[in-house]
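Q: Quick one: sequence and predicted model below, then my questions.
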Amino acid sequence: MAREFTSVGVVGLGTMGAGIVEVFARNGIDVVAVEISATAVERGRATLTGSTDRAVAKGKLAEADRDALLSRIDWQVGLDALHSVDLVIEAVPEHLDLKQRIFAELDRVCKPEAILATNTSSLSVTEISVATTRPNQVIGIHFFNPAPVMKLVEVVRTVVTSADVVADVEALCARLGKVDVTINDRAGFIANALLFGYLNHAVGMFESRYATREDIDAAMKLGCGLPMGPLALMDLIGLDTAYEILDTMYRRGGRDRRHAPVPLIKQMVTAGLLGRKSGRGFYTYERPGSPVVVPDEHTPVSTGAALADGARAIAKVGVVGSGTMATGIIEVFAKAGYEVISVTRGAEKSATVCESVKTSLNKGVVRGKLSEDDRDAALGRVTWSATLDHLADVDLVVEAVVEELSVKKALFASLDEICKPGVVLATTTSSLPVIDVAMATQRPADVIGLHFFNPAPIMPLVEIVQTIRTSAETAATARAVCAELGKTGVVCGDRSGFIVNALLFPYLNDAVKMLEASYSTADDIDYAMKLGCGYPMGPFELLDVVGLDVSLAIQRELYLELREPGFAPAPLLEHLVTAGYLGRKSGRGFRDHTKR
Ligand SMILES: NC(=O)c1ccc[n+]([C@@H]2O[C@H](COP(=O)([O-])OP(=O)(O)OC[C@H]3O[C@@H](n4cnc5c(N)ncnc54)[C@H](O)[C@@H]3O)[C@@H](O)[C@H]2O)c1
């Protein structure tokens, strides 16, 4: 029989604490909510009522239920109010000495059988537990932000946490409607260990002006389907909390440089830019605590005006290649009203590409997304050719041939001879340096990367890769074309992985390393990222879809270019590729797909 929890205490009513109080009170459990001062109690109460009022306004919570929820909460200053609760969850700032002091005090105040839990994200639960005389009743209960919404709870047991306590807390999580994963006490547990290297890297990109905040966030939302971009997420977490988590992970997690907080974070914390809770972080919010972003001095001017600035007129587009990407790109341009010349290496290939484009357009008609007339008009705009000479008078060329530098360079040298002056020459490469391709021509200022995502007709993102030789006019033209195509174009520098792959693949690689270290299972790691962070797929599901060979190749490129030790491909990934376990396409990757 699991222990019955009738009343719990929550210490610290900030970003997490207020949400945790709501979770318990919503599920019929009495809560003693404790803060350091009357002002802090009021702030916590305002956060909670703001959240429950929004739920009522959205029709997700009945008014009567809201009132019942609020009546279960006893707001108090000081820990003495916690003398009779069955469980306490501590959610004060991420400092070990503060937490140890609070646990020593809780040990004194709380009844002997009470369980003492910490919501720490990165500190050692073991070190916190030894501040009490009951370390076997101390456990980590790590909620995710926002606590009322995110389904995951990481239950962290130390070497001395009693098995009964673990079982009781697991049962409690189920009662709260949460999914728990139970793990040992290691810096960052599952989710933060995988998340924070990525967040810190994204801040580094912003700090070095590699891309704008809007473009970094849009890239990860649209390219990976994440619920929010990394900088918006940093604002939600709170920059002070994020700093402490990174700092602890750096010190506890083997001094991985990727966890050394990017200097900008500390500067922002010192300047009081803590994110949503202070009304300003990477973005500016309507008021402290509000989720509504308002324009500030860094907000891009309305896209219309910016696009007109120096963009060249594009009417005729050449697409070179006959693979998946070329096929998708032909469709995208033709549907958007451009005249398209498709160039392949032979009539047979052209016929195949033409068939694929037709099939895809027909699917659009069947699904009611495209009229028959529009389909016919789109097809009518495409000319099929097997000779590059037909590109003499196009305004833009998009190259999507095999991912081999020598092939791309030879092609660009030919385009340089054939195309009229002023043409924008774009490559869709996902891993080669665009500057290498540009320097194969006599007009590097006109060369740019247009990195479409697969499948091009569906994915809304295009990375616009500017080299150090790309002209402002070429970049403006690329932005205008993306807007015309109905895509979100994000501008970035010419570095391995651009934005999306550079941020995505090290995270996937870290997940493989975590599995390899036997810290958790592929299922639990996938759960943690989906339910704790809102990812559409867990890392192992995604690796199997992308292909382990492709993932390894990208990770190797990143490692070779950036020489970051933490980017070294996980040996397990290499072994799986060597063994021919490439993911869905070969029937087996991290999971066996032949049985499903
Ligand atoms: N922010 C997140 O996304 C997130 C997610 C999961 C876990 N966590 C963890 O939750 C904990 C709290 O983080 P947060 O982001 O909510 O911090 P926060 O700064 O938003 O809130 C901390 C609150 O604790 C209060 N406090 C400080 N000393 C206290 C004391 N002695 N007694 C009572 N209250 C006290 C502060 O007044 C403040 O309101 C940290 O351990 C953090 O790592 C944070």
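A: Received, thanks. Numbering: from 1, shown residues only.
Q: who's in contact with the helix or strand harbouring Gly318?
A: Counting by DSSP states H and E, the element that carries Gly318 is strand 316-320. Contacts with strand 316-320, where a contact means CB atoms under 8 Å, 6 or more residues apart in numbering, come from 326, 329-330, 333, 338-344, 388, 390-391, 393-401, 411, 415. In this view, the C-beta of every residue, glycine as well, is placed from N, C-alpha and C.
Q: again, 6 Å this time
A: 326, 329-330, 333, 338-343, 391, 394-399, 401 (CB atoms under 6 Å, 6 or more residues apart in numbering).
Q: Also stretch 24-31?
A: Ser7, Val8, Val21, Leu69, Arg72, Ile73, Leu176.
Q: Let me have those residues in a markdown table, adding neighbour count and pLDDT as columns.
A: As requested, the contacts of stretch 24-31 are exported to a markdown table (neighbours: other CB atoms under 10 Å; pLDDT from 0 to 100):
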| residue | neighbour count | pLDDT |
| --- | --- | --- |
| Ser7 | 17 | 96 |
| Val8 | 25 | 98 |
| Val21 | 32 | 98 |
| Leu69 | 21 | 96 |
| Arg72 | 16 | 97 |
| Ile73 | 19 | 98 |
| Leu176 | 20 | 96 |
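Q: Now do the residue nearest to Phe5 when sequence neighbours are not counted against the ligand, distance only.
A: Spatial nearest neighbour of Phe5, chain neighbours left out: Asp86 (4.6 Å); criterion: CB to CB, 6 or more residues apart in numbering. Asp86 is 19 Å from the ligand, where distance means CB to the nearest ligand atom, to the nearest Å.
Q: tally of neighbours for the residue in the stretch 451-596 of the chain that the ligand sits nearest to?
A: As assessed by CB to the nearest ligand atom, the ligand sits closest to Gly532 within the stretch 451-596 of the chain, at 9.1 Å. For Gly532, the count of nearby residues is 25 (other CB atoms under 10 Å).
Q: wouldn't it be in contact with Ala191 here?
A: Yes - counting by CB atoms under 6 Å, a contact exists between Gly532 and Ala191, whose distance comes to 4.3 Å.
Q: re the thing from before, and the pLDDT for the residue of the stretch 451-596 of the chain closest to the ligand?
A: Note for Gly532: predicted pLDDT of 93.
Q: again with Asn454
A: 88.
Q: Please apply the same query to Asp309.
A: 73.
Q: Let me see the contact set for it.
A: By CB under 6 Å, 6+ apart, the residues touching Asp309 are Ala476.
Q: any idea how far it lies from Gly589?
A: As for Asp309, its distance to Gly589 is 46 Å (criterion: CB to CB, to the nearest Å).
Q: Over to the closest residue to His390 other than its chain neighbours. Which of the three states is it?
A: Leaving out its chain neighbours, the residue that sits closest to His390 by CB to CB, 6+ apart is Ile341, at 5.4 Å. Three-state assignment for Ile341 (DSSP: H, G, I helix; E, B strand; the rest coil): strand.
Q: residues from the protein in reach of the ligand?
A: 11-17, 34-36, 40, 91-94, 102, 119-121, 142-145, 237-238, 241, 245, 277 (CB under 6 Å from any ligand atom).
Q: Now which of those would you call buried?
A: 11-17, 34-35, 40, 91-92, 94, 102, 119-121, 142-145, 237-238, 241, 245, 277 (16 or more other CB atoms under 10 Å).
Q: any chance you could map the helices in the stretch 151-300 of the chain?
A: 163-175, 191-207, 213-224, 230-237, 239-252, 263-270 (DSSP state H, counting those that start in this stretch).
Q: and what of the stretch 451-596 of the chain?
A: Ranges of helices in the stretch 451-596 of the chain, per DSSP H, counting those that start in this stretch, are 472-484, 500-516, 522-527, 533, 539-546, 548-562, 571-578.
Q: in the stretch 251-400 of the chain, which spans are strands?
A: 284-285, 293-294, 316-320, 339-343, 382-385, 396-399 (DSSP state E, counting those that start in this stretch).
Q: Could you save those as a markdown table and add columns showing mean pLDDT and mean neighbour count?
A: Supplementary listing: these in a markdown table, determined by pLDDT from 0 to 100; neighbours: other CB atoms under 10 Å:
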| stretch | mean pLDDT | mean neighbour count |
| --- | --- | --- |
| strand 284-285 | 98 | 18 |
| strand 293-294 | 97 | 14 |
| strand 316-320 | 98 | 26 |
| strand 339-343 | 98 | 23 |
| strand 382-385 | 97 | 18 |
| strand 396-399 | 98 | 26 |
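Q: Dump the ones you listed into TSV; add distance to Val125 as well.
A: Shown next, in TSV, are the strands of the stretch 251-400 of the chain (distance: least, CB to CB, whole Å):
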stretch	distance to Val125
strand 284-285	33
strand 293-294	35
strand 316-320	56
strand 339-343	59
strand 382-385	61
strand 396-399	53
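Q: where are the low-confidence patches of the stretch 201-350 of the chain?
A: 302-308 (pLDDT under 70).
Q: if you set the cut-off to 80 instead, what comes out?
A: The model of the stretch 201-350 of the chain has pLDDT under 80 over residues 253, 301-309.
Q: Also the chain?
A: Using pLDDT under 80, the flagged stretches of the chain are 1-2, 253, 301-309, 595-596.
Q: quick revisit: what's the nearest residue to the residue of the stretch 451-596 of the chain closest to the ligand if we skip its chain neighbours?
A: Leu152 (3.6 Å).
Q: gap between the one you found and Val138?
A: Counting by CB to CB, the gap from Leu152 to Val138 is 21 Å.
Q: Of those two, which one has the most company?
A: Val138 (27 against 23).
Q: Can you name the residue of this protein nearest the ligand?
A: Gly14 (1.8 Å).
Q: which residues touch the residue nearest to that residue when sequence neighbours are not counted?
A: For Gly14, ignoring the flanking residues on the chain, the nearest one in space by CB to CB, 6+ apart is Ala91 at 6.7 Å. By CB under 6 Å, 6+ apart, the contact list for Ala91 reads Gly12, Met16, Gly17, Asn119.
Q: what sits against Ser350?
A: So Ser350 contacts Thr344, Trp384, Ala386 (CB under 6 Å, 6+ apart).
Q: Please report how far it lies from Phe333.
A: 16 Å.
Q: Having no further points to raise, I will conclude here.
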